[in-house]
Every structure is written in structure tokens, then in C-alpha cells.
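>>> what's the 3D shape of this:
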Amino acid sequence: MNKITITILICSVGLLAGCNKWLDVKPEGQSTKDQMFQSQKGFRDALTGAYLDLKSNDAYGHSLTWGTIEYMCRNWEVAATSNTTLMNLVAANYTDAGVRGRLDVIYAKEYKIIADVNSILENIDNKKSIFQDNNYAMVKGEALALRAFAHFDVLRLFGPMPDNPGNNPILPYAKEVSKNIIPLSSYDDFAAQVLADLDQAEALMKDIDPITKYSLAQLNPDESLHQEPVVSDDYYMYRQLRFNYYAVLALKARVYNWLRPRGDANRVNAAKYAQMVIDAKDQAGIATFRLGELADSQLGDYTMPSEQIAALSIFNLKEAAEANFGESGQLVRSDFASQDNYYYINFLFPVSERAADARWVGMWSYKTTSGQTSFVKYKKFIQKEVRPLLQLPLLRLSEMYLILTECATVKEEAENHYRFYCNRKGIPFTTGFSTSSWEADRRNKMIREYCREFYAEGQTFFTYKRYNVTTLPATWTYTYYSATSARYIAPRPDRELNFNNN
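Okay, here's the model as predicted:
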């Protein structure tokens, strides 16, 4: 496929009657769009629609967090080997019809999210006068950030290897809602457009986003305490659940880190933006984000809310987590009893290193159901009974520390960043990186750390792709992992796509 057609029919997600009401009375999309974008609320509702698509099962509500993307790096074993689609997926047989179907819906959903925000962006400048306070900058900034986020993950999944991307046109960077053909961009041009959107978003939200002033506790008040809101507009609350200013900076750090092979300036920028997020403070001078620790996990906060820079609010996360990770769930690892009751997982979490590791203690356990006792289940998203969090993280502070570690050019600097991170997570790191080949040792530790830290969050596959991992230790997983670039480059749909919001 060398082109993509994008069309859109917008309906207001904020109305309880939903899209069907609009479709019953409006045969053409333009009239509905004109009505929606006559008010500030209409723009907000359209942005809410984009977030709803973001957390759908075809995107970050399942496939791109703990589902399809985690099978692609063999973080899960296929519990039911009769499931030929999953068996082909873990084997990277992307020609299988079932596998292609899974990948095609991810591609389509990403561009659906992009179409959602493009509809906002093509109207918002002409309607700037209808916005109150800082709503214009907030809505536009978030829309630009969402467009960059979705495009970037299209690049990471369907684009070429970052260490050898070539110069050929690869993917469409969609900036408008139109029936016109969108030409494919080269790797460098596509990446430049991602960063351009993020630059605009950063400039728009830098001085007005409440998260740059207030603490997370102030913006996420305990309703039972009947606290007086610190902002007059409820839309400015719960900034972690939207693409806020610091989420833009964190995403820029992630993008620049991906682009490191394309020039040292990208390494410098990755470290710069990661440090900006780490340095974020509220008006009282207290750090906005804090690395999660074992104490958080022991309180039931397994996804480390104190370090979530951006997350999705999933109202049924408790039920979804139980269905996927509970006793009847299918998202499992294979293992058997050896040292300290495990074998394969011991190489991911060595016995001598995990006694106080926040990602290990209490997080893994064998199933007890007959016939399933060789499978290990994972607890990260299981919700506590009292005040469950109901959030799926998209960007976390841990990644910023790992980026600083990766980008350091001096051994001592890399060790300082990583040691701080390890001390908080409960990981022994007393002797530093190997003196004989410290960069190779760092590489191996970073690959393992991204896997351990972001297990079931959709980042392991991209880490393997970024480092061009061809093999893992044979004892790391039950099924031996090997890869070529063919595993890391998912095929785009064979046909042109027509996106519709109904």
C-alpha cells in the first residue's frame, strides 16, 4: 500500500444519545461537524472522543498495552495452543490471516485517533474567539500531542528499524480530514513531523497547564474529603489522565531516544527532556512525580501512580484485569519449580537481587487451577478493593531515568542515574557497570530493565526493536526467543483504509 484515504464523520461523544442520534438525522458529516465546533464544549467533546478511541481494546485498552504487543515479544506464552492466531503471532508469522487482522485493526484505530484530533485541529484556529480562559491552548495542545503520540506508535510498530531506516517513503503523516490521498513520508520526515507537533504542544501548554503549578494531590482530590478545587474549571482537573505539558516533554524524550541512531543531537535532546520531567515541581517546590517503590506496591498501588505522567482512566479495569490476569486469565508465563520455586523467571528477576524489588515482591504467582499450575500469573493491574486506581499508564517517570542512563556518555554519569533508580526500586547496584565493557553491560541491563519495569505495558517489543535484539538468553523464556528485522516490522494493511467515526 502506498497511500491512505482518510474520511471522517464526526459525532459528539458528549451527548448521551451518542453517535446513532446524529446518524439518524444527518446523512452528511459536514453539518454535524459545523454544529459541534460552534462551542467550546463541542471541541472538548470531540477531544474526549479521541481519548475514548485511545483506550479502546484495539488500541491502548488492550492490544497495545498487555495484549497483542506483549505476545509479539513473547512476554506471554499461549496458554491455549489451539489458538492458531496467537501461535502464529508469537512466531511472528505475519502472513497469517488472523495475525494480519489483529495488526490491521491496530493500524486502523491509530489513524482513527488521528482523524479524531485532525477534525479538531482543522477547525480550532478559526474558532479561537469562542474559547474562555486557557481552553484554546489546552485543547489544541492536547490534540497535537495525541496526534504525535498515535503517529509515533505507528512508526514504532509499522516503521523500519531505527538503526537503518533508509530513505524510502514509508508511512502517511495525516494532518487533515480529507478524501484526498495522503502521500507517504520518509522516516526522517515522518519523525520530524512528530516532533513538530510536540514542539507546538509544548509551546501552547508550557505556561498555562495547571500541572505546572499544582501538585497531583491538588489536581486529583479525594472526593470523600470534600476539598475545595484549586481550579475553577473541572476540565483542568486530573491532568495525569490527559496529555498534559509534562506528558509532552516525556513523549519528546521517548521520541528523541528512539531517534538516537540518526544523530547525536537526538541523544542530547532525549536526556534534556527526560531531565525536565524529573525536575518538575509544583508551586511549593515539591517534585511533581516520584518514583514508585516497594512501599507503594505493598499498599496495592502496583502501577505506581506517583510516577504516572500520563495514563488512561479505565472504568472497568478491575473486571478487565481479573479476566486477563486472574485465575481464569490467559495472559501468563510458563515456569516450573527450581530455585526459590521458579526457573525461567529467575533470569529476569535473579533470586539474589529481588528480595526488595518493587516489581517482584508479591507480583508473580502460579495458577492453582488443575491443568494450569505450570502457568505464572501477574498482579500489576489487579485492583485493590478500597479506592482502586483504575488507570493504565502510558508514560512513567521510570522511563525518564532509564533514558538518562542510556544517553550518558560517561560511565560514572550513567551509573549515577541508574543507581538512583535502582535504590528506589530496591535493586542492588553496588559495583556499577562492568569495567571491561561498560557500554555493553549497560545495554544488557537496559534491555532487561525495560522488560521488568514495563511488563504488560507494551514497551518491551519496542525496546527489543530499538536495540535490534536478535536473541535472549535461552533461560529467559520458556520458548526460545530469536528475531530478525522481519519480526520487528509489522506489515501495513494491504488495502486502502477508509476511516469513519460512526
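
>>> residue contacts, the most centrally placed residue in the chain?
The centre of the chain sits closest to residue 394, judged by C-alpha atoms, centre = their mean, with a distance of 3.6 Å. Contact analysis of residue 394 by C-beta atoms under 8 Å, 6 or more residues apart in numbering lists 60, 149, 247, 309, 310, 311, 312. Glycine gets a C-beta too; all of them are placed from N, C-alpha and C.

>>> Closest one to residue 423 out of the residues you listed, please.
Lowest distance from residue 423 to the contacts of residue 394 (C-beta to C-beta) belongs to residue 309, with 20.6 Å.

>>> Correct me if wrong, but the closest one is in a strand.
Yes: with DSSP: H, G, I helix; E, B strand; the rest coil as the criterion, residue 309 is part of a strand.

>>> where do the strands sit along the stretch 151-300 of the chain?
Taking DSSP state E, counting those that start in this stretch, the strands of the stretch 151-300 of the chain run over residues 169-172, 178-182, 184-186.

>>> want to try a markdown table for those strands, with mean neighbour count and distance to residue 289 as columns?
Output for the strands of the stretch 151-300 of the chain, formatted as a markdown table (neighbours: other C-beta atoms under 10 Å; distance: least, C-beta to C-beta, whole Å):
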| stretch | mean neighbour count | distance to residue 289 |
| --- | --- | --- |
| strand 169-172 | 21 | 32 |
| strand 178-182 | 13 | 37 |
| strand 184-186 | 17 | 33 |
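
>>> Nearest to residue 110, out of these?
Distance to residue 110, taken as C-beta to C-beta, is lowest for strand 169-172 among the strands of the stretch 151-300 of the chain, at 10.3 Å.

>>> ok, residues contacting that closest one?
For strand 169-172, the surrounding residues in contact (C-beta under 8 Å, 6+ apart) are 2-4, 154-155, 158-160, 182-187, 190, 492.

>>> Please identify, among those residues, the one with the most neighbours.
Counting neighbours by other C-beta atoms under 10 Å, residue 154 leads the contacts of strand 169-172 with 25 neighbours.

>>> Give me the contacts around stretch 211-227.
206, 210, 229-231, 236-240, 244-246, 280, 282-284, 286, 288-289, 306.

>>> picking that back up, helix, strand or coil: sort out the residue nearest to the centre of the chain for me.
Residue 394 ends up strand, using three-state DSSP.

>>> Just the buried subset of the contacts of stretch 211-227, written out for PyMOL, thanks.
Selection of buried members from these for PyMOL, criterion 16 or more other C-beta atoms under 10 Å:
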select buried, resi 210+230+236+237+238+239+240+244+245+246+280+282+288+289+306
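
>>> From the contacts of stretch 211-227, which land in helices?
In helices, defined here by DSSP state H, the members of the contacts of stretch 211-227 are 245, 246.

>>> Where does pLDDT dip in the chain?
Screening the chain residue by residue with the criterion pLDDT under 70, one finds the ranges 1-31, 496-502.

>>> tell me, which helix in it spans the most residues?
Max-length helix for the chain by DSSP H is helix 97-124.

>>> and that helix, which residues are buried?
99-100, 102-121, 123-124.

>>> Please apply the same query to stretch 479-499.
Buried residues in stretch 479-499, counting neighbours by 16+ other C-beta under 10 Å, are found at 481, 483, 487, 488, 489, 490, 492, 493, 497, 499.

>>> repeat for stretch 306-323
Within stretch 306-323, the residues that count as buried by 16+ other C-beta under 10 Å are 306, 307, 308, 309, 310, 311, 312, 314, 317, 318, 320, 321.

>>> what residues are up against the fifth one?
If I follow you right, that is residue 310. Counting by C-beta under 8 Å, 6+ apart, residue 310 touches 240, 241, 242, 243, 244, 247, 250, 393, 394, 395.
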